[in-house]
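**Q** pasting a predicted model and its sequence here:
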Amino acid sequence: MNAQPHEFDMATNALAAHGWCVVSNLLSPAQTQALATECMVMHDARLLMPARVGADHAATLLRGDHTRWFLPEALSAPQQAFADRIDVLRIALSRNLLLGLVDSESHYAVYTPGAGYARHLDCLRNNDARVISAVFYLNDAWQDAEGGALRLYLADQSYQDVFPRAGTLVLFLSAQFEHEVLPATRHRMSIACWMRQRMIGATC
Ligand SMILES: O=C(O)CCC(=O)C(=O)O
Ligand SMILES: [Fe+2]
């Protein structure tokens, strides 16, 4: 699985100290490009669906992305490469921070120009399985002026913007950080992933 001992130590330490961090060595540029190509092909083939349509109308006003879940039993080669590396990272974080992360779930997301995701917390109501949110960006040559930042609200009410450049992975504690996706002037592609613990109750 291409694991180097201690390769995610910086991420582990940053997550322990601040509750969030950015990782830049998850995948090679070629692996990232393969995911971007697949995501755009699937989007063009209309295989991504408006997030949560039907289930909750209010939620569709909150978020404007289209998504498609990765199916663990039917991963494409680019998805498998991503899943393998996320597993290495998950196991390292879980071991070093004693988080009990047993698995993860991932989906492609595409935001068309002008679409965003209002400020929210990733913890699902009646389900506290999500411990770490991990968002991996797929957008080549992203310019800050194109917008589309992930805005992460910190405990002191200041915020940190992360731009969705190809190869950037942002990690944060799902239950602690409200965040929003600002609209962009071009298509914005990502993989949203959650590392999960065994479900133990309803806390959020
Ligand atoms: O794409 C991002 O930067 C964040 C997406 C997000 O907040 C979510 O899917 O819950
Ligand atoms: Fe989120």
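**A** That came through, no problem. Ligands and ions are numbered 1, 2, ... in the order given.
**Q** ok, what's across the strand from the residue nearest to residue 142 when sequence neighbours are not counted?
**A** Closest residue to residue 142 apart from its sequence neighbours, by Cβ to Cβ, 6 or more residues apart in numbering: residue 165 at 4.6 Å. To be clear about C-beta, it is placed using only N, CA and C from the backbone, and glycine gets the same treatment. Beta bridges link residue 165 to residue 139 when assigned by DSSP bridges.
**Q** tell me the contacts of residue 165?
**A** Contacts here follow Cβ atoms under 8 Å, 6 or more residues apart in numbering; on that basis residue 165 touches 137, 139, 142.
**Q** distance to residue 122 and neighbour count for those residues - can I get that in JSON lines?
**A** JSON lines is the format used below for these (distance: Cβ to Cβ, whole Å; neighbours: other Cβ atoms under 10 Å):
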{"residue": "137", "distance to residue 122": "17", "neighbour count": "23"}
{"residue": "139", "distance to residue 122": "21", "neighbour count": "23"}
{"residue": "142", "distance to residue 122": "22", "neighbour count": "20"}
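**Q** next secondary structure after the biggest helix by length in the chain?
**A** The helix that spans the most residues within the chain, counting by DSSP state H, is helix 77-97. Using DSSP states H and E, the helix or strand that follows helix 77-97 in sequence is strand 101-111.
**Q** give me the pLDDT value at residue 73.
**A** Residue 73 is assigned 96 on the pLDDT scale.
**Q** isn't residue 195 right up against residue 122?
**A** No. Under the criterion of Cβ atoms under 8 Å, residue 195 is not in contact with residue 122, lying 11.0 Å apart.
**Q** tilt between the longest helix of the chain and strand 101-111?
**A** 130 degrees (axes from the mean of the first three to the mean of the last three Cα atoms, to 10 degrees).
**Q** and helix 77-97, how far out from the chain's middle?
**A** Remark: helix 77-97 is offset 13 Å from the chain centroid, using Cα atoms, centre = their mean, to the nearest Å.
**Q** list the buried ones in it?
**A** 78-79, 81-83, 85-90, 92-94, 96 (16 or more other Cβ atoms under 10 Å).
**Q** measure the residue nearest to residue 142 to residue 69 for me?
**A** 24 Å (Cβ to Cβ, to the nearest Å).
**Q** what's around the nearest residue to residue 194 once chain neighbours are set aside, how many residues?
**A** In space, and not counting its chain neighbours, residue 194 is closest to residue 130: 4.3 Å by Cβ to Cβ, 6+ apart. Residue 130 has 22 neighbouring residues, counting by other Cβ atoms under 10 Å.
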